[in-house]
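Novice: Pasting the sequence and the predicted coordinates here, then a few questions.
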Amino acid sequence: MSPMRLPAVTALAALMTISPVTIAAAQTAAPAPPPAEAMPDQDRGDRPEMRGDAMRDGMRDGMRGDRMRGRDRMRGMMRHRQMMMKIMFAIADADNDGALSFEEISTIHRRIFDKVDANRDGKVTPEEIQGFFRG
């Protein structure tokens, strides 16, 4: 593996490690909107879209749309993950034989370990890992 690939491999390995955590943290529920209050000069009963069945159908359609958007988001995340795996494989396959050997994987692990081991004592502490991810 060429020396130019080291930063890319390290960055990609870090991304693959923290991506699920970042995605999970970003998926928080939005606060519920305040309930709609009737204006004193409006009669909601005269509006067909606010009557029982139509209102329930609209709510169902909205929930169905939310589920579809969620599925699209999941498909996008899966495509992203697959693309990242292909990129990492291409970078890690130093001899371009279409397979990863034990030596290729060991080399990657050693380089990552050496980057994280800030004091070069041959051991990685939780503080060194946190420092590595902070930059």
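Specialist: Thanks, I have the structure now.
Novice: where does this structure have its least confident helix or strand?
Specialist: helix 5-26 (a mean of 54; mean pLDDT, DSSP states H and E).
Novice: how close does R79 sit to M88?
Specialist: Distance, R79 to M88, by Cβ to Cβ, to the nearest Å: 15 Å. Using the backbone N, CA and C atoms, a C-beta is placed for each residue, glycine as well.
Novice: meant to ask about G131, not that
Specialist: Distance from G131 to M88, by Cβ to Cβ: 23 Å.
Novice: now S101
Specialist: For S101, the distance to M88 (Cβ to Cβ) stands at 15 Å.
Novice: out of these two, which sits in the more crowded spot?
Specialist: Between S101 and M88, counted using other Cβ atoms under 10 Å, the more crowded position is M88 (18 against 13).
Novice: what about that one, which SS state?
Specialist: helix (DSSP: H, G, I helix; E, B strand; the rest coil).
Novice: Would you mind giving the dihedral angles phi and psi of the closest residue to G131 other than its chain neighbours?
Specialist: Spatially, and ignoring its direct neighbours in sequence, G131 is nearest to A118 (6.0 Å; Cβ to Cβ, 6 or more residues apart in numbering). Dihedral pair for A118: phi -60, psi -40, per degrees, to the nearest 10.
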